Each structure stands twice: as structure tokens, then as C-alpha cells.
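Colleague: How does the following fold in three dimensions:
(chains A and B, ligands or ions: 5)
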Amino acid sequence: MTDMVKVTIDGKPFEVKKGITILEAAKIAGIRIPTLCHHPDLDVAGICRICVVEVEGMRTLQAACAYPITFPMDIKTNTSRVRKARRVNLDLMLAEHYGDCYTCVRNGKCELQSLSSEYGVDRYRYPSVIKPKYAIDYSSFSIVRDQNKCIHCKRCIRTCIDLQQVSALETANKGHDVEIQAALNKPIAEVVCINCGQCINRCPTGALRVKDAGDFIWDDIENPDKYVVIQTAPSPRAAIGEEFGYPAGTTVTKKLNAALKRMGFNAVLDTNFTADLTIIEEGHELLERLHKAVVEGDKSIKVPMFTSCSPGWVKYIEHYYPEYLGHLSSCKSPQQMFGALLKTYYAQKMGIDPEKMVVVALMPCSAKKFECNRPEMTDSGFKDVDYGLTTREMAVMIKESGIHLKDMPDEDFDSPIGHGSGAGMIFGATGGVMEAAIRTVYELVTGRKVPFDGLNVTPVRGMEGIKEASLLIENTVEAFRWLEGVTLKVAVAHGTANAKKLMEKLKKGELEYHFIEVMACPGGCLGGGGQPIPTTPEIREARARAIYAEDMGTEIRTSHENELVAQLYKDFLIKPLGHKSHKLLHTHYTPRGKYFIPDDK
Amino acid sequence: MKVKEIVLGPHVLGSGLEKALEITPYEVILEIKDSKIKGRGGAGFPTGLKWQFAANEPEPTKFIICNADEGEPGTFKDRILLTDHPYKVLEGMAIAGYAIGAKQGFIYLRGEYNYLRQHIQNHIDSMKEKGFLGKKILGKDFSFDVEIRMGAGAYVCGEEFALIESMNGYRGEPHNKPPFPTQQGYLRKPTIVNNVETFCKVNFIISKGAEWIREYGTELSTGTKLFSVSGDVKHPGLYEFELGITVNQLLKEVGAEDAKAVQVGGASGINVARKDFNKTISYETLPPGGSIIVFGPNRDMLHALKNFMDFFVEESCGQCTPCREGNYRLLEGIEMLEKGECSVRYLKELITLSEVMKDSSKCGLGQSSPNCFLSIIENFRDEILYR
Ligand SMILES: Cc1cc2nc3c(=O)[nH]c(=O)nc-3n(C[C@H](O)[C@H](O)[C@H](O)COP(=O)(O)O)c2cc1C
Ligand code: SF4
Ligand code: SF4
Ligand code: SF4
Ligand code: SF4
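Modeller: Numbering: from 1, shown residues only, chains lettered A, B, ... in the order given. Ligands and ions are numbered 1, 2, ... in the order given. Below is the predicted model:
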């Protein structure tokens, strides 16, 4: 076979596919080569020089992550020359790093720390950093940057510039003065950062982290005057187990419910409830837009409509495509709808003073912290959601409280609101909102279930960057005769780089859709910036499988069949897109500059 | 062994190019290969082989880049070539274009040489008028144009991939190789990057033949080489010597026989002390680089070393660990030595560090920056430790 190459790795012969890297070949051979700047989601950099190996006939060591095998090679991965280079390079990184592990959010989950342990580092070889040099950047609601812990692997840069194509971060200066900066050396809150937190998930150290809300929440839980409600989203439930020794792809919803109640939350509710509500509101909004645009010929109505539940995506479009803001659904995200309802409908129903109510949202997402602090998110008369809390922070809180998640019994969510359908569950995966919307809208318009086996709208599932689907609408019910024979065209993108591709095509008029779902994070919310670290394509796929399995396991698979939602309309909201809905569940957006936010708050 | 005048000597404009266009591109490459000439930019890569790699690439669009970034401290040979012999450089580039099938060439000119830009442009224009550049060169079916691009003022931008990145409009940072520029260079197309002097040399190889060039130099280091000589010498300036000249012979020619040490190949080169002055300057012993810096009997070698390390700390692009952090630690060590605070044990650590930098840095900068540290510490250990 011509596309195979013979290599020898540590004395053993192998045949590998031409063009794969030495690192990949070693993996196949069952040999571990340590890495640091390498990440499976990112372009190769080859800059930390930890993965260096000896190649027979070459003057210098080679970076295994970056060297493609195109001719027969004799590779040695474990010689004293190699070990010495790795150790010295590691020592050099430790010397530029402010290593106060015990006060570091990544203690125990840090790649620099584990490499140091692997290489038997027992002292600083070179003078170490005694006093931190940089002030920590706390400017953002979501992201905290501590350059004192940065080892310049540029994973964050490659995440922000290549993977997400946001370009909020950049490399500044040369040589020993190299720094990772928010663009133009501004505080990160003042640049185009969309708070997606993808850089955090890929940083090997504690140099990037989310702004922690844990301590405030503990204070509120302990305060007898406060009534603390927590809503949990599907993605953290499919991932938090990873922090407690479960394999990726294990959903622990019911154990988590029990843990949260023991920790002292007054009520534990399911965000899927407002995911269902979002589908009802957004579905009706879509149909209303289509009617106005197609039947009434109203030119001011923007089609395609974009989903608006990903706050990273919302901020991205506010920065980069403000002229498209009219296309964004006016629906708030499920988190914010929930907050607004908790402090109105739920407070009323339960006889709780909304002023004393604290709403915590357990989310996979760092951008949710920014979202709940948007000035417009106060329609209940209070801050609708007090704290966005990420999966990682919650894992710490559970550990702090001495709870062993594995030992928890299974418990249900509390009532009277806060149960969701399977359609709400799949919001966590890319394509999920679209699938949930299709299930409901199709039935609304035709009176029949979607024509997919087991209601699984498979064309919008999976990890393809951009997915498209079309659905012929036939035999409509009376009210939707105007849609008879129309082919509904939809698209789904995840990761802002894919969103950008889609937007550029839309701009050129190359594409025609009715409805587009965008999630800012790769894989959708399950790959969010607040999810357990590490993140890899395999881990994200495992989480997606867990989410779809949970959907299959629920009795109610469509949002409009959620009886609690129906009850909510009957008791309170009256009708979709009604007066109360508009006040509490819908919002507006803010055009922002491409370079920095002039004066945001 | 005396001063030679080959690259600096007389050349009939167009004589190399005319001869090249009479033979096939393949034959041009064979002739260059046959000359065994190595690149004059520092790395010493065989020029003919480089051209062959680029010529063999199936991609039809290819580029020629003349590396005139000349940032090595003490080097000024390329500046003089571009000032006094620009047509030789341009003609060499055209020959290279013909050989590999490129229609466009660029001169990447060091920012500080901006004042030369118009001068070079005038030569490009006049060569176009004379039919040595532009469309249908010398009436043949071969077109080649040259454009000048200004450098970004960083030493590392002389590294071929950093240079290409900077031309592509990005941060000038070296890449992992492979792929090499001959595979994916400017605009990701096959590109050859050669030094100014290398292009000058090409004219003579083609017009006078590979065999004639091989008369000069040694078996493995053929031809003559330009040296920018500076420091404690009576007659500083630009010299052309045969490769294989000993340090002693060179010092005699430039009037520096009392030298205590010589830095061969600039800051990234090797420091040679008196005991080694009988060594030859050639790719097999002391790689020539472009500059010779002479240290007179009273020079403080630790001070000299500090100047070099200052330069590297400043000029490292900072992307890879050994170079970003290593140079800084070496400089810190030198400062410790100055204050008498560096233990022999720590000095050994720094020597180990230097070896690892040479062995694991991503590009030539970090791979060669410890040379001065290692050689000066070795040559002047006593002077430095017992100051
Ligand atoms: C840090 C660094 C700086 C360099 N600067 C130059 C330079 O200024 N001029 C040059 O011709 N080559 C320079 N080089 C070498 C180039 O990378 C490349 O090898 C050379 O231009 C090839 O030309 P040649 O084959 O004709 O020598 C530098 C290399 C490094 C690593
Ligand atoms: S980043 Fe890692 S090594 Fe550094 S302080 Fe934190 S845990 Fe320790
Ligand atoms: S949070 Fe997202 S947008 Fe902000 S710097 Fe990180 S990767 Fe870039
Ligand atoms: S912030 Fe983290 S990811 Fe970015 S360069 Fe520093 S260590 Fe690497
Ligand atoms: S060796 Fe130095 S100049 Fe070269 S890539 Fe590494 S840091 Fe940059």
C-alpha cells in the first residue's frame, strides 16, 4: 500500500498512514507522549516543546504533535536526551508561572500540575515567581483572567481566533515579554468577548476561569430571610457526573436534585419547563413572522428568524452583525424566562415575597452570567435571575458540602412549575432547539406528529458544523392553510465560526431559510464554557448521547404537551405572544461595536 | 589566501540570465546543484536542492523571495550588495524564477533599509526597460517581475517562515517544518527564500559554470563568501574570501592579529578563542554566517556575551518555551555572573539549559542563540568566574 509508511517507534516497527503526526502514530502504538499546547479541538502550534522526540538522522528534536510522517522514520520517545528536554522546558514554564496551587481554581485538574508530578519536579530549577506581576482582570461578568498563571501555550488564542473566530484575545509583545491580552490591551469586558468561555475549557492552567458565584449563593442559602430557588439546565445534568467519577455521558439529574435539596436550596426546578415555553413562544413567533412576511407582505419583518437562547451567540451577533438583530427571535432564553416567571407567577402562587427570592440558574455556560446581568433582564421588577452558576462551580459547592453524589437517592423536581418535556431536554445539544421547534410547529400547523421515526428529527442532529433540513408542509389545518405546500427550510450551526460561515452566506444572498438555530459553543450547550474540563469531541458526543437518551426516556416528547406549561397559559399568560408574554418573556438587543463596547453599562 | 573579487567583481549585466534562458530550467538547477553552493543566509542549505524541491511541486503558481532582512548584529553585506550591485541580485532572482517556474519575485527589505527602496526600484525599472525583467524576458517565453516589500523591523522576520507570515499580514512567527516554504510558502504556494548574496552568486555559477566556482573554497564549502568585519580591527568593512580560510589568515587580512577572540557568524554564531585561530571558516568547521566581530585583547568577554544575550531576549518571537524563557534565564545568569552570584552548580544548569534550547527550540533563533553563551563560557571560563 502506497499510503502507508513504515516507522519504528522505540524499537518496535509499525505501519502508519502517511501524513499522520508522530504524536498520532505513537498513540496508535500505545505510547504516551506528553503534550501541553496541543488540544484535539485546535490547530497545531508546536510551541510548548514538551512533546519533543528524537528522530534518527535529524539534528534537533522534533515536536511530535507537529511532525507529519511522510517517509520511513526511526523515532525514539524515551531517551535521556528527550526526557532532559521535556523536563527543562517544563521547568522553564514553571519559572514564568505563579504557582500557588492551593489557592487555584484548577488545583487537581491542571495539566501543568499533573505534568510536573509526572516528571518528578521537586524543586524550582530556575528562580521562581515570588510575587505576582499582573493584576487579575475581573472586569467581565463571566471571564476572569489571571496572567500570572499563563504559560503562553496559546490554546486560548487558537480557541478565540480559530475555533470561535471571535478574536477577542491576541498575542502582544515579543520574547520574554510576550503576553496574552484582550484586544488592544483593554479589560476583557470592553472587547468583543462573547463570554463563551471556550478559552477557559481549553486553558491547561488556572489562567482563565469563570467568575465564581458560589460564596454569594452560600450566604443566601444560609440567610433565613431568603428563599433560594435553583433551576437546572439539561447540559449540566448530563456532565456534572464527570466531576464525581462517572464516565462522560452519564445523566445524574435525580441524584443532583437530592444533593441540591440537601444543600439547602428551597426549591429545585427544571429549566426544561421554560425550554418548552420558549418553544411555544418562539414557534408562534416564527409562524407570526412568516404570516406577516408572506401573507401580509410586510417588508419590515425579518426572515429567517434566528434562535436567541445562546447568550454567546446573541452577543456575537450584536458585535459582528448588528444589522441582523431584527432576525433574532425576541424570546428570552429559558434561563431568563424562568427567572421572570419565578419572581411573578411562582412567587404569587407560592405566597413568597419576590424581593426575598433568590434565583440561581445551574447552567453549562459562562455567558449566562453576563446574560443575567443585562440591564434589560429585570422585567419581573427585580433582577430576574440573580446568579448564573456553572457546572464546575456547582461541583465544587457539592464537594464543599461534603455530599457524595454517588450516594444520593433519586429525587424529583419540585412543583408546581418546573417539569419539562423531552423536547426541552434536547436544548442541550446542537440542533436540539430546532428539533423541539419542528416537533411542535409541525403539529400545530398540520395536526399531526412530525414524520420522523420516533419523533427523532435526525437531519438536525450530530456534530456536523452546519446542518440543514427541509420539511414539506401538507394537509394543513384550517388556520394554517396559507402554509400548504410550503417547504420549511431550516439550518443549524454550532460554534461561532460556523455561525459566521452561515452569516456570510446569508449576507451574500446565497441561502434561503425560514429558521436558523445557532449555539455559540461547539456541540451546543453541552460543550458550554462552564462544563467540566477537559473537553474533547468524544466527551461532547458522549454528553449528546446521554441527552438524547433522556429525551427518549421521557413520556412527553413535545413542548406543547407539557401540561404545566398549558396550565401556566391558562392561569397567567393567557396566550402565546400575549401581553404578559411580551412583558416577561421577550426582550430586545443592543448593537455593539466590532472593536470595543463604548459605554455599555 | 587573499581577498577575492567574485561576487563583488565585474559582471556583464544579463550574461547569467541569457545563458540560463538558453538551457532548460532543469539544466539550470543541475548546474546550481553541481556547484555545491550553500545558501548564504546562515542556515547553509544547498541552494540547488532547495530549487529542485520547489521546481518539483505540482502547484503552478510559485514565488521567489529575496531575504534582505539582514538583522544579524554586525552584518551589512546585503546592504552593500543592494546598494552597489542590485542588478546582480535581481538577475539572480530572475534566474531562480526561470528555474522553478515562478513569475513573481519579492525583495523583503529590512525596515531600516527603507532609504534603499527607491534605489532598488529604479534598478527594477531600468532592468524592465532593458528586457531583463517584466514580460517576455529577452524575447523568450518567460516573464518575471519583482516587487519590494518592507520588513517589520524584527530580527526574527529574517527567518523564512516568519518573513512569509509577515508578508501574509500576520504576526511574524516561525512555523513548524515540514511543510517547508518550498511546499507551502507565500500565499501557501511553493516559494524559495534565498539570501541576497546567494542570488548574486547564482549569476556567476550560470555564466562561468559550476566547475569554475568549485575551484574556490573547500570540497564541502565551495566558492567565496562575503564577510562583514567589525570590532577591534584596523580595517573594518566588507571582504570576500574563499571559504576554508583560517581565522588567523582572515585576521591578518583585516589587521587584527592581536585579537583575543572572534565571533564567527554574528550573535548566533560561535565564539573562537586564540587557541582555535587555526580553524577554518567553512560549513564543516566554523559556519560562516555573515559577520565577523573581533574582540581585542582588552575586551570584557562577559560584557560582550551580555550584549548578545540582550539582543536575543529582545528578539525572540516568544512563542516557544525554550527560546522565550531560556534566553531570559541565560541573561539572568549572566547578570548573576557579573555580580559574582552564580554558583558553579547553577552555571552547569545553564549549560544544560543551553543544550536543551539548541535541541528543542522551534526555529533557528532559539537553536543558535545559546551558541555564544556556550562558547564564551567555555573559552573564557576563568576570566568570567574569577573576575
Ligand atoms: C532568527 C533568524 C533570522 C534570520 N535572518 C536572516 C536574514 O536576515 N537574512 C537571510 O538571508 N536569512 C536569514 N535567516 C535564514 C533564513 O531563514 C533562510 O534560511 C535563508 O534566508 C535562506 O536563504 P539561503 O538558503 O540563501 O541561505 C534567518 C534565520 C533565523 C532563524
Ligand atoms: S495553574 Fe496549575 S500549577 Fe498553576 S497554580 Fe494553578 S493548579 Fe497550580
Ligand atoms: S470567552 Fe469566548 S469570546 Fe471571550 S475570550 Fe474566551 S473564547 Fe474568546
Ligand atoms: S491563558 Fe491559558 S490557554 Fe491562554 S496561553 Fe495562557 S495558559 Fe495557555
Ligand atoms: S526559537 Fe525563538 S524565535 Fe524561534 S519560534 Fe521559538 S521563540 Fe520564536
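Colleague: what's the domain layout of the chain?
Modeller: Using chain A. Annotated domains of chain A cover A:4-78, A:91-210, A:214-271+A:336-346+A:353-400, A:274-329+A:422-585 [automatic domain parsing].
Colleague: nope, chain B please
Modeller: B:15-213, B:224-295, B:301-385.
Colleague: picking that back up, would you mind finding the most buried of the domains of chain A?
Modeller: domain A:214-271+A:336-346+A:353-400 (a mean of 22; mean count of other CB atoms under 10 Å in any protein chain shown). Just so you know, the C-beta spots here come from the backbone N, C-alpha and C atoms, and that holds for glycine as well.
Colleague: out of the domains of chain A, nearest to ligand 3?
Modeller: With CB to the nearest ligand atom as the measure, domain A:91-210 is the member of these nearest ligand 3 (3.3 Å).
Colleague: starting at the chain centroid, how far to the closest one?
Modeller: Relative to its parent chain, domain A:91-210 has a centroid offset of 20 Å by CA atoms, centre = their mean, to the nearest Å.
Colleague: Mind checking if it is in reach of ligand 2?
Modeller: Yes - taking CB under 6 Å from any ligand atom as the criterion, domain A:91-210 and ligand 2 are in contact, through A:97, A:99-101, A:104, A:106-107, A:110, A:112-113, A:149, A:205-206.
Colleague: Do me a favour and average the pLDDT over that domain.
Modeller: For domain A:91-210, mean pLDDT is 96.
Colleague: Compute the first-to-last residue distance for that domain.
Modeller: 27 Å (CA to CA, to the nearest Å).
Colleague: Among the residues of domain A:91-210 next to ligand 2, which pair sits farthest apart?
Modeller: Largest separation among the residues of domain A:91-210 next to ligand 2 by CB to CB: A:97 and A:107, giving 13.7 Å.
Colleague: Could you pull up phi and psi at residue A:12?
Modeller: When quoted as degrees, to the nearest 10, the phi and psi of residue A:12 stand at phi -100, psi 130.
Colleague: That one is in contact with residue A:28, isn't it?
Modeller: No - contact criterion CB atoms under 8 Å: residue A:12 and residue A:28 do not qualify, at 11.4 Å.
Colleague: quick revisit: would you mind telling me which of the domains of chain A is nearest residue B:53?
Modeller: Using CB to CB, the domains of chain A put domain A:4-78 closest to residue B:53, at 13.1 Å.
Colleague: Need the residue closest to the centroid of chain B.
Modeller: residue B:41 (1.9 Å; CA atoms, centre = their mean).
Colleague: residue contacts, residue 217?
Modeller: Assuming you mean chain A. Residues in contact with residue A:217 (CB atoms under 8 Å, 6 or more residues apart in numbering or on different chains) are A:228, A:358, A:360, A:387, A:389, A:397.
Colleague: my question was about chain B
Modeller: B:223, B:224, B:225, B:242, B:243, B:244, B:282.
Colleague: related to what we said a few turns ago, can you report how many residues lie near the nearest residue to the residue nearest to the centre of chain B once chain neighbours are set aside?
Modeller: Excluding the flanking residues, the one nearest residue B:41 by CB to CB, 6 or more residues apart in numbering or on different chains is residue B:195, at 3.3 Å. Neighbour count of residue B:195, defined by other CB atoms under 10 Å in any protein chain shown: 25.
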